[in-house]
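> predicted model follows, preceded by the sequence.
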Amino acid sequence: MTDAATNPANTATAAPEMLSWDSRGRRMVTIYLPLACFVFILLFPFYWMGVTAFKPNAELYDFKTYNPFLIAKPTFDHIHHLLFNTAYPRWLVTTMTVAICSTILSLFASTLAAYAIQRLRFRGSQYVGLAIYLAYLVPPSILFIPLATMVYRFGLFDSPLALILTYPTFLIPFCTWLLIGYFKSIPYELEECALIDGASRLQILTQITLPLAVPGLISAGIFSFTLSWNEFIYALAFIQSSEKKTVPVAILTELVSGDVYQWGALMAGSLLGSLPVAIFYSFFVDYYVSSLTGAVKE
Amino acid sequence: MSASTHPRWVREKRDPSWLARLLDWKPLLVVACLAPAVGLLLVFLTYPLGLGIWLAFTDTTIGRAGVWVGLENFEYLLEDRLWWNAVFYSVFYTGVATLLKFGLGLWLALLLNHHLPFKSILRAIILLPWIVPTVLSAIAFWWIYDPQFSIISYVFVDMLGWRTTNIDFIGSAWPARWSLIAANVWRGIPFVAISLLAGLQTISPSLYEAALLDGSTGWQRFRYITFPMLLPILAIVMTFSIIFTFTDFQLVYAITRGGPVNSTQLLATLAFQRGIPGGQLGEGAAIAVSMIPFLVAATLFSYFALARRKWQQGEGND
């Protein structure tokens, strides 16, 4: 605050504006305070989710005697109910399987495509790249009705295979785009050296380009995994039987039944359903942020 | 020694030659590499897109292949008050949410661009709402918006005493609309902020130093350096954001399912309601197809209006 008091004298000369910019009081009000508000608002729903998941029902519906922000007697009842009285573990397994399979499928397809577009440089490769990029702009909300009729005709209705095959439609464009950017950053001279040494194209891809592109592959993998874990509308439209549903759909359609919502179990389910993605993401957060920002910079 | 290794070296070179030569034949290699991706996209994206447009002109229902009915579905939609309602709310939802997301996201990006302690942890935390499955955070919002046990109501009624009754978040039309927008903005801010932060960090500090020496104010530095330099990224991120906000489904389906009395129905949720549980695939497809003109318009607008500057400067074709 003392800085603020001396400021008017300083700003008269205009030059020491840098000093006032750096002063602690001003920094507090213009940077840390709004930042704290942002972090609070962005994190509060997760806190509330966690608090609700571990609260006994008596506290959950009684704000008068208990402070709702705190838990007086934490309980694992809701999580226990979820794991042993519902099909939650099976939903988790289904979601995990679908996410992993579609991630592998789309990583395979998009690595090859990105390599072909960025490195093989055939005529019209730019346009193929552009077309794949445009494919990302087609939202699933437009596609789910025709896809549902197709899935039905192929006899894939109510089968996780339908999800594994349809998720790559939004994963491949994104991964290809990301990997094109990544391949671009690998010096072409390395491949030329290998070509001169008599390596075949396939050897170059498997022994030189791919090992160098591992960080890019990892971040594309994380993106694909989180995107397929989060997917909702296809899973809602193509899967009917309760035990084959994915976590997001199952929580909304199976746990919300009747007039009384079991908020404790709902929040516990949301928390557990978010955890795998959050954990997976926290391991690779640096890759994630750098590739996200790298992809956007393109 | 050299006599024994020499023949083996020749054989190794010759052995994979037919396969290697085949794979080194570029056209085949290109086709082989593109086949999985392009095949999947053609079958599960391009074909359904065409099929969807065709379905929109038929009266297909679940279990019965339809016949061509021409523009009948669309004529019906034009007289449907619910469709007009959904168009209005989709446009309103997209407009307001995009504006708020970019305003707040830009602010957050500018804040994060300062030297801060725990920078990387802070970024990781901020991305969290974007990582967590939308439906699951939407359920958390649903609980926050509960008519009886809303924590926000508790703060306003019991802690602050500003109100005497609980806030009715999703029980009536307009509060429900705003509540959904708030949830959407909450989820969208992190992506906008982190992308714009990436853009901010590519701006050379020497520009700011030069401007500072010229005696510019903070606002001038933002208006004449930061904002123009951010425009290209802003255009891309905004195009994505508009497309995915306009076609949003999960958030509305999870929190209100289009209610109360269809007041928060978006085009996507209306298409789902008519198409899948309702069984009117043709009509659902028509609603979905009616989103396309809006999407094309929004994309063209944000791309040309915002990216024009980059084209004028002519920096690369990327």
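Cool, the structure landed. Everything numeric here is computed off the predicted structure, so don't read it as measured data.
> how deep is residue B:123 tucked in, by neighbour count?
By the criterion of other CB atoms under 10 Å in any protein chain shown, residue B:123 has 20 neighbours. C-beta coordinates here come from the backbone N, C-alpha and C atoms, glycine included.
> same question but for residue B:44, I mixed them up
Residue B:44, neighbours per other CB under 10 Å, totals 22.
> show me what the top helix by length along chain B packs onto, helices and strands only.
The longest helix of chain B (DSSP state H) is helix B:81-112. Counting contacts by 3 or more CB pairs under 8 Å, 6 or more residues apart in numbering or on different chains; DSSP states H and E, helix B:81-112 packs against helix A:33-53, helix B:119-131, helix B:173-201, helix B:227-246, helix B:267-275, helix B:291-313.
> let me see the contact set for residue 186.
Picking chain A for this. A:209, A:212, A:213 (CB atoms under 8 Å, 6 or more residues apart in numbering or on different chains).
> wrong chain, I was asking about chain B
Counted by CB under 8 Å, 6+ apart, residue B:186 has contacts A:41, A:42, A:45, B:129, B:137, B:141.
> in JSON lines, list those residues along with pLDDT and neighbour count.
Below are those laid out as JSON lines (pLDDT from 0 to 100; neighbours: other CB atoms under 10 Å in any protein chain shown):
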{"residue": "A:41", "pLDDT": "91", "neighbour count": "15"}
{"residue": "A:42", "pLDDT": "91", "neighbour count": "21"}
{"residue": "A:45", "pLDDT": "91", "neighbour count": "25"}
{"residue": "B:129", "pLDDT": "89", "neighbour count": "21"}
{"residue": "B:137", "pLDDT": "89", "neighbour count": "26"}
{"residue": "B:141", "pLDDT": "91", "neighbour count": "24"}
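> give me the number of residues near the residue in the stretch 101-250 of chain B positioned nearest to chain A?
Residue of the stretch 101-250 of chain B nearest chain A, by CB to the nearest CB: residue B:198 (3.2 Å). Residue B:198 sits with 20 neighbouring residues when counted by other CB under 10 Å.
> walk me through the domains of chain A.
A:2-76, A:86-297 (automatic domain parsing).
> which one of the helices and strands packed on helix B:81-112 lies closest to residue A:158?
helix B:267-275 (17.1 Å; CB to CB).
> so for residue B:100, what's the nearest residue that isn't a sequence neighbour?
Nearest residue to residue B:100, sequence neighbours excluded (CB to CB, 6 or more residues apart in numbering or on different chains): residue B:185, at 4.6 Å.
> how near is that neighbour to residue B:178?
10 Å (CB to CB, to the nearest Å).
> the two: which has the busier surroundings?
Neighbours per residue, other CB under 10 Å: of residue B:185 and residue B:178, the larger number sits with residue B:185, 22 against 15.
> so who does the more buried one touch?
B:97, B:100, B:101, B:104.
> residue B:44 too?
A:147, A:150, A:165, A:166, A:168, A:169.
> am I right that it is in a strand?
No. Residue B:44 is assigned helix when assessed by DSSP: H, G, I helix; E, B strand; the rest coil, not a strand.
> the nearest residue to residue A:222 once chain neighbours are set aside: what's it in contact with?
Sequence neighbours aside, residue A:284 is the residue nearest to residue A:222 in space, at 5.2 Å (criterion: CB to CB, 6+ apart). Counting by CB under 8 Å, 6+ apart, residue A:284 touches A:218, A:219, A:222.
> thanks a lot, catch you later.
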